[in-house]
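>>> one predicted model, sequence on top.
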Amino acid sequence: MANFYGLDYLFDLLSTYSREVSELRGQEHSNEIWLREKNLWLDRKRWIEASQPRIRQNRVPQSELLESLTTSAKANQLDIQEQSFGENKSTPNYQSVAVRLKLAGALQNVIKWLVQIQQPELFQAVTTFSLKSANEPPTVTLELEIARWYAPNP
């Protein structure tokens, strides 16, 4: 009977150690991938540090974002129905500001505008999105929140 319990205990240990070895091999594989891609991620980090905008003194970043978005929306023949400010966030890695817009216009103009405002060098993206078809098929109503990310204050 003691042999039975002893073997059961040893098999449990073997199972536990096999699982741990498997997890460590998985971690090792993941770490190897990260090491192979190290230069890519370091290049991206340098690009972000050099390109990410900073909040300038005596400026209101939400107003600047809202102004740039409304100007580009009007240039793309979109009708602005509502506009408001979203939530500001501040973390050790970035600061973000957001605005909310409700727009109407032709679907092709909405798509073209969305592509323009989400370019990587602008550091802004759509964070919430709702698209509804209007009574006339190519016309849509769009409700969205757009955020812009700034470099943290030094």
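Here it is on my side, so go on.

>>> now do residue 154, the pLDDT please.
Looking at residue 154, its pLDDT stands at 67.

>>> and what of residue 151?
92.

>>> which ones are touching the closest residue to it other than its chain neighbours?
In this structure, residue 151 finds its nearest non-sequential neighbour in residue 52, 4.4 Å apart by Cβ to Cβ, 6 or more residues apart in numbering. Where C-beta positions appear, they are placed from N, C-alpha and C, glycine not excepted. Residue 52 makes contact with 94, 123, 149-151 under the criterion Cβ atoms under 8 Å, 6 or more residues apart in numbering.

>>> mind doing that once more with 7 Å?
With contact set as Cβ atoms under 7 Å, 6 or more residues apart in numbering, residue 52 has these partners: 123, 149-151.

>>> now it: phi and psi?
phi -70, psi 130 (degrees, to the nearest 10).

>>> out of the contacts of residue 52, who has the most neighbours?
residue 149 (19 neighbours; other Cβ atoms under 10 Å).

>>> right, and that residue touches residue 94 too?
Yes. With contact defined as Cβ atoms under 7 Å, residue 149 counts as touching residue 94 (4.7 Å).

>>> show me the longest helix that occurs in this protein.
Longest helix in the chain, counting residues (DSSP state H): helix 2-36.

>>> Serialize the contacts of residue 52 to TSV and add fields for distance to residue 4.
Listed next are these as TSV, based on distance: Cβ to Cβ, whole Å:
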residue	distance to residue 4
123	65
149	62
150	66
151	65
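
>>> out of these, which is nearest to residue 61?
residue 150 (6.5 Å; Cβ to Cβ).

>>> what's across from that closest one in the sheet?
Beta bridges link residue 150 to residue 95 when assigned by DSSP bridges.

>>> hmm, residue 56 and it touching each other?
No. Contact criterion Cβ under 7 Å: residue 150 and residue 56 do not qualify, at 9.6 Å.

>>> all strands for the chain, in order.
79-85, 89-90, 95-106, 124-133, 139-150 (DSSP state E).
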